[in-house]
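Trainee: fold the following.
(one chain, ligands or ions: 1)
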Amino acid sequence: MDIKGIPLTTFATTFDSPKEDLDPLSAYPSSNKKLKDERLGLNEVPIEATDSNMDVSSGGNNPVDEVTAEGFHEEKISSWIWILSTVAGISGILFGYDTGVISGALAVIGSDLGKELSSKQRELITSATPFAALLSGITSGWLADLLGRKRLLMYADGIFVLGSIIMAVSKNIATLVAGRFIVGWGIGLASLIVPMYITELAPAHMRGRLVIIYVVFITGGQLVAYALNAAFENVNQGWRIMMGLGAIPALCQLVPLFWTPESPRYLLKQNHVEKVYKIMSRIHPGAKPGEIAYKVTLIQEGMNFGTLEGNQFQRLKYSFKRLFSVPSNRRSLFIACFLQAFQQFSGTNAIQYFSAIIFKSVGFKNSIQISVVVGATNFLFTILAFMLIDRIGRRRILLCSATTMIISLSVCAISYHFLELKKTAWKYVILGSIISFLASYAFGIGNIPWQQAELFPMEVRALGTGFSTAVNWSGNLIVSATFLTMMESITSVGTFGLFAGFCFAGLVVCFFTYPELAGMSIEHISILLEKGFWNAVKERNSKRKSNIKDTY
Ligand SMILES: O[C@H]1[C@H](O)[C@@H](O)[C@H](O)[C@@H](O)[C@H]1O
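Mentor: Numbering: from 1, shown residues only. Just a heads-up that it's a prediction; the model follows:
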């Protein structure tokens, strides 16, 4: 038996393990911890050919002996990985579009649903989407393990289409709320699955960029929505078109999804080794068959196989137990949830969703057009993060961007103080500080929390990211539902000052708990977190100084 011409015994002879001799994926018997750690790069030595990893049977010409940790970085990666990440990322358009379009739609809906909308009804229509996303995030993690990432994404598209149609044809408030709820359910599902799917597919050194594709689509979707809000401002029943348009990206994604493969890590969990082998060979066209088998082995070793036996309920129970009982999993959960909370409590969506109202209230006449500029800033700086994240690293980007967010929000709060003293020129400082806040936000905390799946080992990944996705949507709901009330009760100075305070707390916590994860294989991250937050941070800082890279 062999895989693509590589005798499976190649790997068995490597480790002298008669028990596992027919399975390349058992090339690293768990008992041989030192050797396994070395092969996984945990002993911080580049993997080099030694007598013990040479294939004697192939006359010492084993492709494995040419594999070094550095070698994985320099090999050719096919453009297919970009196509797959882009197809998955399209869900981001739906997320961004549906969260961005509502403010414009509510502004023009008038009495089209029978009578003028009250504030309570507006709130209900707005919050139905984040509320449903929160519920689906928290309840659907296990579905990603049961049905697979790809299939669930296809269901999410079906849900989007249904929700968009219901919203477009709604005749009363209840139907519109139902449509918004259905769309929100799809958004919650997609925001759970897409980052996980891309993370599980991506080679370590480009994972940051590939996951950000999703956020580029989110912010792109928001920008399109703000532009349409401005364009449809005076169109009779135009809000129906705006809502219905959401179905188009969903349909555009559904078609190519039929040809998209399932996540290799999910397939491995289902024991579809041959399929994984094919996917990996396509992603790494330059790699030799032995190198591919080696990569697969590394992934499988890190996935802790055999622990997810039993029926669905037992597995869920097991995952749940492991998530909360294993210290490194708890740390992963803390970081993932904290980053999502930091993102939302920075006040970003209060500013984005209500930007037209904010700018109108400080004295700008063309406030809807200015909110398009706000959306464009978010989009452009997400693209900048996309270009730089794998080079600069997540931690450095995060700490820098959080610092400029704090400064921008503080300047904004101070400017409101002077504006209240009737010094109207300060409105330009408010505009500048809000744009600078969003630029810094988009460059760092706007995208890094969506790297969440890399924090969790396979056995708890779906559940863990389900929780952190739910934190994102709860934060979104709380901040957007309380922003206007806060502006009234604690004033604009107090509100922006409070967001600056949240960001300061976020910066401090990230400094002590969030290690640099760029370039690490996802199987290593939880092993790193076993050492504790601060030790992990220190270890990765010193590793980056000595420029030690990781394998796939
Ligand atoms: O990462 C995204 C992005 O930053 C969006 O602009 C924001 O509206 C979302 O809430 C956030 O999750």
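Trainee: for Gly449, give its distance to Phe381.
Mentor: Residue 449: Pro, not Gly. Remark: distance between Pro449 and Phe381 (C-beta to C-beta, to the nearest Å) = 16 Å. For glycine as for every other residue, the C-beta is placed from the backbone atoms N, C-alpha and C.
Trainee: more neighbours, these two?
Mentor: Using other C-beta atoms under 10 Å as the criterion, Pro449 and Phe381 rank with Pro449 on top: 25 against 22.
Trainee: which ones are touching that one?
Mentor: Residues in contact with Pro449, defined by C-beta atoms under 8 Å, 6 or more residues apart in numbering, are Ala336, Leu339, Gln340, Phe342, Gln343, Ser468, Asn472.
Trainee: quick check: residues of the stretch 1-150 of the chain near the ligand?
Mentor: Counting by C-beta under 6 Å from any ligand atom, the positions of the stretch 1-150 of the chain adjacent to the ligand are Thr99.
Trainee: so where's the stretch 1-150 of the chain shaky on pLDDT?
Mentor: Scanning the stretch 1-150 of the chain for pLDDT under 70 picks out 1-75.
Trainee: show the contacting residues for the residue most central in space within the chain.
Mentor: By C-alpha atoms, centre = their mean, the chain has its centre lying nearest to Trp450, at 2.3 Å. Trp450 sits next to Ser191, Pro195, Val211, Ile212, Tyr214, Val215 when contact means C-beta under 8 Å, 6+ apart.
Trainee: of those, list those near the ligand.
Mentor: Near the ligand, by the rule C-beta under 6 Å from any ligand atom, you find Val215 out of the contacts of Trp450.
Trainee: contact residues of the stretch 201-350 of the chain facing the ligand?
Mentor: Val215, Ile218, Thr219, Gln222, Gln343, Thr348, Asn349.
Trainee: make it 8 Å
Mentor: Val215, Ile218, Thr219, Gln222, Gln340, Gln343, Gln344, Thr348, Asn349 (C-beta under 8 Å from any ligand atom).
Trainee: which two in those residues are spaced the farthest apart?
Mentor: Farthest apart among these by C-beta to C-beta are Gln222 and Gln340. That separation is 17.8 Å.
Trainee: for the ligand, give me its nearest residue in the protein.
Mentor: The ligand sits closest to Gly446 of the chain, with a gap of 3.6 Å, by C-beta to the nearest ligand atom.
Trainee: which SS class is that residue?
Mentor: With DSSP: H, G, I helix; E, B strand; the rest coil as the basis, Gly446 sits in coil.
Trainee: isn't it right up against Gln343?
Mentor: Yes - assessed by C-beta atoms under 8 Å, Gly446 is found in contact with Gln343 at 6.7 Å.
Trainee: surely Phe467 touches Ile138?
Mentor: Yes - Phe467 is within contact range of Ile138, at 6.8 Å (criterion: C-beta under 8 Å).
Trainee: residues near Leu316, how many?
Mentor: Counted with other C-beta under 10 Å, the neighbours of Leu316 add up to 18.
Trainee: ok, it - contacts?
Mentor: Listed by C-beta under 8 Å, 6+ apart, the contact partners of Leu316 are Trp142, Asp145, Leu463.
Trainee: in this structure, which spans are strands?
Mentor: 2-3, 6-7 (DSSP state E).
Trainee: let me see the ranges of the helices in the stretch 51-200 of the chain.
Mentor: Ranges of helices in the stretch 51-200 of the chain, per DSSP state H, counting those that start in this stretch, are 69-74, 80-89, 91-108, 119-147, 149-169, 173-201.
Trainee: how about those in JSON lines, adding mean neighbour count?
Mentor: Formatted as JSON lines, these follow (neighbours: other C-beta atoms under 10 Å):
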{"stretch": "helix 69-74", "mean neighbour count": "16"}
{"stretch": "helix 80-89", "mean neighbour count": "20"}
{"stretch": "helix 91-108", "mean neighbour count": "25"}
{"stretch": "helix 119-147", "mean neighbour count": "20"}
{"stretch": "helix 149-169", "mean neighbour count": "21"}
{"stretch": "helix 173-201", "mean neighbour count": "26"}
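Trainee: in JSON lines: those, plus distance to Arg282.
Mentor: JSON lines is the format used below for the helices of the stretch 51-200 of the chain (distance: least, C-beta to C-beta, whole Å):
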{"stretch": "helix 69-74", "distance to Arg282": "16"}
{"stretch": "helix 80-89", "distance to Arg282": "6"}
{"stretch": "helix 91-108", "distance to Arg282": "22"}
{"stretch": "helix 119-147", "distance to Arg282": "23"}
{"stretch": "helix 149-169", "distance to Arg282": "16"}
{"stretch": "helix 173-201", "distance to Arg282": "11"}
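Trainee: ok, which of these comes nearest Ser489?
Mentor: Closest to Ser489 of the helices of the stretch 51-200 of the chain, according to C-beta to C-beta: helix 119-147, at 15.4 Å.
Trainee: what's the longest helix in this structure?
Mentor: The residue-count maximum for a helix in the chain (DSSP state H) belongs to helix 458-489.
Trainee: and it, how far out from the chain middle?
Mentor: In terms of C-alpha atoms, centre = their mean, to the nearest Å, the centre of helix 458-489 is found 14 Å from the chain centre.
Trainee: with stretch 528-540 instead?
Mentor: With C-alpha atoms, centre = their mean, you get 22 Å for stretch 528-540.
Trainee: again with stretch 328-337
Mentor: Between the centre of stretch 328-337 and the centre of its chain there are 15 Å (C-alpha atoms, centre = their mean).
Trainee: mean confidence for that stretch?
Mentor: Averaged across stretch 328-337, pLDDT comes to 97.
Trainee: which outside residues touch it?
Mentor: By C-beta under 8 Å, 6+ apart, the list of residues contacting stretch 328-337 from outside reads 322-324, 449, 452, 455-457, 460, 464-465, 467-468, 471, 513-514, 525-527, 529-530, 532-533, 536.
Trainee: what about the helices in the stretch 401-550 of the chain?
Mentor: Taking DSSP H, counting those that start in this stretch to define them, one finds helices in the stretch 401-550 of the chain at 426-443, 458-489, 491-513, 522-529, 533-545.
Trainee: quick one: which of those helices is nearest Ala168?
Mentor: Minimum separation from Ala168 across the helices of the stretch 401-550 of the chain (C-beta to C-beta) falls at helix 458-489, 23.0 Å.
Trainee: hmm, that closest one in reach of the ligand?
Mentor: Yes - Helix 458-489 comes into contact with the ligand (C-beta under 8 Å from any ligand atom), by way of Asn472, Asn476.
Trainee: which helices and strands sit right next to that helix?
Mentor: Judged by 3 or more C-beta pairs under 8 Å, 6 or more residues apart in numbering; DSSP states H and E, the packing partners of helix 458-489 are helix 119-147, helix 173-201, helix 312-325, helix 327-345, helix 348-353, helix 491-513.
Trainee: for that helix, buried residues please.
Mentor: By neighbour count on 16 or more other C-beta atoms under 10 Å, the buried set for helix 458-489 is 458-480, 483-484, 486-487.
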